[in-house]
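Engineer: Below are the sequence and a predicted model; questions follow.
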Amino acid sequence: MTKQRIASTILAGLFVWVGSWASIALVRGQAATQHDGQPRIVGVWRGNSVCVVKDSPCHDEVNVYSFSAVAGKPGTYSGTASKAVGVESFAMGTREFKYDAGNHTLESAMPAAVLRFVVDEDKMEGTLTLRDGSVYRRIHLVRGK
């Protein structure tokens, strides 16, 4: 095989390889958003919930959130939170969340606190903020696999 033919073969292979990765990146980017430009929230998200207020009853946890769309309520999601302890999972409850497209936030208000996530592709960064404005927890989630 000539040097020119070897170089052409390597170059062709490189274009295929780069094209494949570009296609994967494009598909991944499309998978992260719905057709209307809203983030894809429905699904399972996993991560850590870290206590901000030390010397409190709060404990750091591994969390699993499962979100589903609420029929007839655009921008509204049902979110079920669980905490993982060892190999077991314990449901903590289900809440309704509203999505604010302008701020990219997903929020659920409770009597004593507000749970708010900033949605960014396959990642959510959140806080549990008490009504007095103090942050009680920081929650870091990624789309589950």
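Structural biologist: Perfect, thanks for sending it.
Engineer: quick one: Val114 and Phe90, what's the gap?
Structural biologist: Taking Cβ to Cβ, to the nearest Å as the measure, Val114 and Phe90 are separated by 23 Å. All C-beta atoms are positioned from the backbone trio N, CA, C, and that covers glycine.
Engineer: quick one, which of these two is more surrounded?
Structural biologist: Using other Cβ atoms under 10 Å, the more surrounded residue of Val114 and Phe90 is Val114, with 14 against 11.
Engineer: nearest spatial neighbour of the more buried one, skipping sequence neighbours?
Structural biologist: Nearest non-adjacent residue to Val114, counting by Cβ to Cβ, 6 or more residues apart in numbering: Thr129, 5.1 Å away.
Engineer: What score does the one you found have for pLDDT?
Structural biologist: Looking at Thr129, its pLDDT is 98.
Engineer: and it, how many neighbours does it have?
Structural biologist: Neighbours of Thr129 under the rule other Cβ under 10 Å: 16.
Engineer: That one: what's it in contact with?
Structural biologist: Taking Cβ atoms under 8 Å, 6 or more residues apart in numbering, we find Thr129 in contact with 113-114, 116, 135-136.
Engineer: so of the residues you listed, which ones are in strands?
Structural biologist: Here DSSP state E is the test, and the contacts of Thr129 give 113-114, 116, 135-136 as lying in strands.
Engineer: Can you point out the buried residues in stretch 111-125?
Structural biologist: 113, 115-117, 119, 122, 124 (16 or more other Cβ atoms under 10 Å).
Engineer: Least confident of these?
Structural biologist: Among those, Asp122 carries the lowest pLDDT, at 93.
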